[in-house]
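Trainee: what's the 3D shape of this:
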Amino acid sequence: MKINSIIYKYIFKEMIPPFVINLLFFNFIFLLTKILDITNMIVNYRISLSDVLLLLIYSMPHFLEFVIPMSIMMAILLTLFRMSSDNEIVALKAGGMSIYELLPPVLLFCLIGGILTGFMTIYGLPWGKLSFEKLTYEVASSNVNIGIKERTFNDNFKGVMLYTNKIDLKNKALTDVFIEDQRTKNIISTVVAPKGEMFSEPDKLLFHLRLYNGTINQVDIENKTVHSINFDTYNINLDLKKSVRGKEERKDEKEMSLTELSNYLKNAVNKDAKYYAI
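Mentor: Numbering: from 1, shown residues only. Purely as a prediction, here's the structure:
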């Protein structure tokens with residue numbers, strides 16, 4: 001029995017290094033998907049490196065939910081393959097040890113991995129998502145122009161689609177602006193202007209765009225009429241709150257703890273799709 005315990009400890013310890021290596025490797029792969037966004041935030045929007053690192057840390061529980069099981073599987077396979085290639089398994093079998101007697105350390109390793117994954121899913125994921133939302137709100141509050149990108153159809157604003165060919169962040173200037181505004185019921189307004197300027201209210205997450213020498217085309221769907229207006233100067237307000245949720249707003253189900261989920265289910269008045277999804 002003492003010999004078995006020594007072998008069990010040996011196998012368990014042998015699985016730790018490949019687990020750590022795979023954990024780091026898979027995390028690195030997942031983080032590579034964020035590298036373009038990170039570079040864009042640092043270079044173009046001058047977000048501090050500490051905020052970027054915090055955003056990555058808050059994203060980690062979502063990665064680890066998948067990375068830990070993958071790393072556990074790879075660690076077990078690599079350890080057993082190495083033991084087999086070094087004839088250690090043959091030596092153990094020659095010593096009278098059954099192949100099934102090698103399973104206890106493997107099962108224990110899987111159990112620990114399952115507990116870690118469960119912890120990340122139940123506690124880490126809600127914490128990470130909620131912290132990510134809060135930090136995103138704070139970053140957006142101090143740097144509202146992070147909400148738009150050049151040569152991209154930006155739908156981060158409530159009821160408004162914005163496209164601009166070029167953004168001069170230094171002078172807060174826009175070139176070749178296209179806006180589709182559907183905030184008024186049954187009316188779709190299309191605004192086109194060769195240039196514009198942007199102002200912001202960080203505390204309210206609001207943009208103020210001032211466009212010059214453009215055209216507004218309004219389509220009234222209900223009355224089936226079209227109006228076209230030329231303007232020298234036109235001001236439009238844009239709300240970024242669609243994509244950045246305030247601290248005071250209600251959490252979604254992925255940000256709730258088990259206690260909060262239980263209370264939500266108990267107090268739910270309407271048993272809608274969200275209720276049954278939880």
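
Trainee: surely Leu55 is within a helix?
Mentor: Yes - in this structure, Leu55 lies within a helix as judged by DSSP: H, G, I helix; E, B strand; the rest coil.

Trainee: that one against Glu133, yeah?
Mentor: No - assessed by CB atoms under 8 Å, Leu55 is found out of contact with Glu133, at 10.7 Å. Backbone N, C-alpha and C define where each C-beta goes, glycine included.

Trainee: so what does the helix or strand containing Ile16 touch, helix or strand wise?
Mentor: Element membership of Ile16 [criterion: DSSP states H and E] is helix 2-32. With contacts defined as 3 or more CB pairs under 8 Å, 6 or more residues apart in numbering; DSSP states H and E, the secondary structure elements packing on helix 2-32 are helix 49-85, helix 103-119.

Trainee: now, of those helices, which is deepest in the fold?
Mentor: Per-residue neighbour counts averaged over each of the helices and strands packed on helix 2-32 give the maximum for helix 49-85, namely a mean of 17 (mean count of other CB atoms under 10 Å).

Trainee: contact partners of the helix or strand following that helix?
Mentor: Secondary structure here is assigned by DSSP H and E; on that basis, the next helix or strand after helix 49-85 toward the C-terminus is helix 88-94. With contacts defined as CB atoms under 8 Å, 6 or more residues apart in numbering, helix 88-94 is touched by 7, 80, 83-84, 99, 102.

Trainee: quick one on the thing from earlier: which parts of the helix holding Ile16 are buried?
Mentor: Residues of helix 2-32 classed as buried by neighbour count (16 or more other CB atoms under 10 Å): 7-8, 11-12, 14-15, 18-19, 22-23, 26-27, 30.

Trainee: dump the residue contacts of the residue at minimal distance from the centre of the chain.
Mentor: What sits nearest the mean C-alpha location of the chain, by CA atoms, centre = their mean, is Ser59, with 6.2 Å. Applying CB under 8 Å, 6+ apart, we find Ser59 in contact with 34, 128, 132.
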